[in-house]
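[1] only geometry, no sequence info:
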């Protein structure tokens, strides 16, 4: 197992190919003071197919990346749960509506599905489970949530995924309209990474 270019025991591999997630995770993990790597640095790492459980998906991705790279690896699995859709799309959020859709297409598909229900309930929540895997150690898991509602139409150009159609509780803006530093305090991913803090401190000496 190779640690890759410039890797050291204080290197953390972010096990995602999603550029939006990479940006957010890099900002959230900056206080750790560790060297971050992405899957682009380890082209031989293959992540397993995703199923229907956040924790299982996150643990499987982090474990596969840690085994293949020899590094500590962090992965997350997240999704949007809409009450009127029976908590769909949930863990299948990134695949919602079929493989041909981009972020905007999936958001449009979601709004159409919600309109077809005829329900006035627009409550929803983002869920994230973050996983830290290290060679020879048990996988650490932590969960975060961000509650809010689905907007009638997309708003804002920041963020990614369903951010433009989600308004978090207590705010008049969509996640895509909030400054990144604010989103990174209240988002489901921020809360999951914060809850994973003790495991990260143990892995990297409290730095």
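    Perfect, I can see it now. Computed from a predicted structure; not experimentally measured.
[2] Now do the same for the most far-flung residue of the chain relative to its centre: its pLDDT.
    For the chain, the largest distance from the centre (Cα atoms, centre = their mean) belongs to residue 118, which lies 29.7 Å off. pLDDT for residue 118: 97.
[3] any idea how far residue 84 is from it?
    9 Å (Cβ to Cβ, to the nearest Å). Quick note: C-beta positions are derived from backbone N, CA and C, even for glycine.
[4] Strands of the protein, residue ranges please.
    11-14, 35-38, 72-82, 88-90, 123-133, 140-150, 166-168 (DSSP state E).
[5] closest one to residue 47 among those strands?
    Residue 47 lies closest, by Cβ to Cβ, to one member of the strands of the chain: strand 72-82, at 7.8 Å.
[6] can you state the direction angle for the closest one and strand 123-133?
    For strand 72-82 against strand 123-133, the angle by axes from the mean of the first three to the mean of the last three Cα atoms, to 10 degrees is 170 degrees.
[7] tell me the mean pLDDT over strand 72-82?
    Here the average pLDDT along strand 72-82 is 97.
[8] what's near enough to touch residue 193?
    Taking Cβ atoms under 8 Å, 6 or more residues apart in numbering as the contact definition, residue 193 lies against 25, 28, 29, 76, 130, 142, 144.
[9] swap that for residue 82, please
    Per Cβ under 8 Å, 6+ apart, neighbours of residue 82: 88, 89, 110, 114, 122, 123, 124, 150.
[10] try 10 Å this time
    88-90, 93, 110, 113-114, 117, 119, 121-125, 149-150, 162, 165-166 (Cβ atoms under 10 Å, 6 or more residues apart in numbering).
[11] Tell me how far it lies from residue 110.
    7 Å.
[12] okay, and the common contacts of those two?
    88, 89, 93, 124, 150, 162, 165, 166.
[13] How many neighbouring residues does the fourth one have?
    Taking other Cβ atoms under 10 Å as the neighbour definition, residue 124 ends up with a count of 25.
[14] sorry, back to before: please dump the contacts of residue 193 into TSV; it should also carry distance to residue 58 and neighbour count for every row.
    Output for the contacts of residue 193, formatted as TSV (distance: Cβ to Cβ, whole Å; neighbours: other Cβ atoms under 10 Å):
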residue	distance to residue 58	neighbour count
25	12	25
28	15	21
29	15	18
76	5	28
130	6	30
142	9	22
144	12	22
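[15] So, low pLDDT: which residues of this protein?
    1-9, 205-207 (pLDDT under 70).
[16] for it, what spans make up the helices?
    19-29, 54-69, 103-117, 180-186, 188-195, 197-203 (DSSP state H).
[17] Let me have those helices in CSV, adding distance to residue 170 as columns.
    As requested, these are exported to CSV (distance: least, Cβ to Cβ, whole Å):
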stretch, distance to residue 170
helix 19-29, 20
helix 54-69, 24
helix 103-117, 22
helix 180-186, 8
helix 188-195, 14
helix 197-203, 23
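[18] closest to residue 136 out of the ones you listed?
    helix 54-69 (9.3 Å).
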